[in-house]
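>>> Let me see the structure of the following:
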Amino acid sequence: MDFLKQLLQSGKIDQETFEALKKLFEGKQKALEEWEAKYKELEAKYQETHKSYEEVLKSKENFESELKSIDEKLAKAKEEGKKELIAELEAQKKEKEELLAKLQNVEAEARTLKIENALKNALGAYEVLSPDVVAAALRVKLDLVDGEVKFQDGKSVEEGVKAFFEAHPELLKAKGAPGSGAGAGGTGGGEPKTLTEKHLMLAKQKGLV
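Numbers count the residues shown, from 1 in each chain. Just a heads-up that it's a prediction; the model follows:
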């Protein structure tokens, strides 16, 4: 903004141009601030999800270790014929197994959420014709490796999504095409639907859905 004031004061731009550039600058600044706020929100959600997943994994490991210890004690108690201790250890084992089963469900849900978040963030950089269809096609190719979401071929989420659209550009909105926001005229309200159906058909032919 100071740079624009200097241009105005030096006579390099007039007041009307200054006001127009000022308005444009303020709009860009607002958009940047909104993007930064959205990024911070997504980052916070990712960190929360990552933390939750790590905590679940740690708890699961603890339960598995406790179960192993109970099994060892149970085997020894059976060798020694200690009926009361056997009954007590079997009750503990059953309780731990039930809790572990619940924890495994939580782990699966946390894993799914982490994959969904990573995929959603990566797809957010593209104008996709049918986001749900594309997400479904990509989701089955993703996995969690050492706590990080990756494609099965080892690519990061961003790299894999980029490669996917390079191979299937027909799944992206074409600039200037109806339905992309460019406002082509004379086609009425039916053309975007026709384009979507066309791209869905191509996706099915390529075995993506």
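>>> Now do the strands in the chain.
Per DSSP state E, the chain carries strands over the ranges 142-145, 148-151.
>>> Tabulate those strands (JSON lines), appending mean pLDDT, distance to Leu57 and mean neighbour count.
C-beta coordinates here come from the backbone N, C-alpha and C atoms, glycine included. Formatted as JSON lines, those follow (pLDDT from 0 to 100; distance: least, CB to CB, whole Å; neighbours: other CB atoms under 10 Å):
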{"stretch": "strand 142-145", "mean pLDDT": "86", "distance to Leu57": "10", "mean neighbour count": "15"}
{"stretch": "strand 148-151", "mean pLDDT": "90", "distance to Leu57": "13", "mean neighbour count": "17"}
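>>> any idea of the mean pLDDT for stretch 6-22?
Throughout stretch 6-22, pLDDT has a mean value of 75.
>>> Next, the distance between the ends of it.
The first residue of stretch 6-22 is 12 Å away from its last residue (CA to CA, to the nearest Å).
>>> List the buried residues of it.
For stretch 6-22, the neighbour count (16 or more other CB atoms under 10 Å) marks 8, 13, 18, 21 as buried.
>>> OK, contacts around Pro131?
For Pro131, the contacting residues are Leu123, by CB atoms under 8 Å, 6 or more residues apart in numbering.
>>> Number of residues surrounding Lys5?
If you count neighbours by other CB atoms under 10 Å, Lys5 ends up with 11.
>>> List the contacts of it.
So Lys5 contacts Phe18 (CB under 8 Å, 6+ apart).
>>> all helices of this structure, in order?
2-9, 15-80, 83-123, 131-139, 157-167, 191-205 (DSSP state H).
>>> Kindly state the beta-bridge partners for Val128.
Counting by DSSP bridges, Val128 is bridged to Leu172.
>>> doesn't Val134 make contact with it?
Yes. Taking CB atoms under 8 Å as the definition, Val128 is a contact partner of Val134 at 5.2 Å.
>>> quick check: domain ranges of the chain?
Following automatic domain parsing, the chain resolves into domains at 1-123, 126-209.
>>> quick one: which of the ones you listed has the weakest pLDDT on average?
Of all these, the minimum mean pLDDT falls on domain 126-209 (a mean of 71).
>>> Could you dump the strands of the chain into JSON lines with distance to Glu107 added?
Shown next, in JSON lines, are those (distance: least, CB to CB, whole Å):
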{"stretch": "strand 142-145", "distance to Glu107": "10"}
{"stretch": "strand 148-151", "distance to Glu107": "15"}
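>>> Out of the ones you listed, flag the one nearest Leu103.
Ranking these by proximity to Leu103 (CB to CB) places strand 142-145 first, at 16.1 Å.
>>> show me the contacts for Glu97.
Glu97 neighbours (CB under 8 Å, 6+ apart): Leu67.
>>> Let me know the distance separating it from Phe165.
Distance of Glu97 to Phe165, computed by CB to CB, to the nearest Å: 45 Å.
>>> go on, Glu79?
62 Å.
>>> Next: Asp153.
Asp153 is 16 Å from Phe165, by CB to CB.
>>> and those two? which has more neighbours close in?
Higher neighbour count among Asp153 and Phe165: Phe165, with 17 against 9, using other CB under 10 Å.
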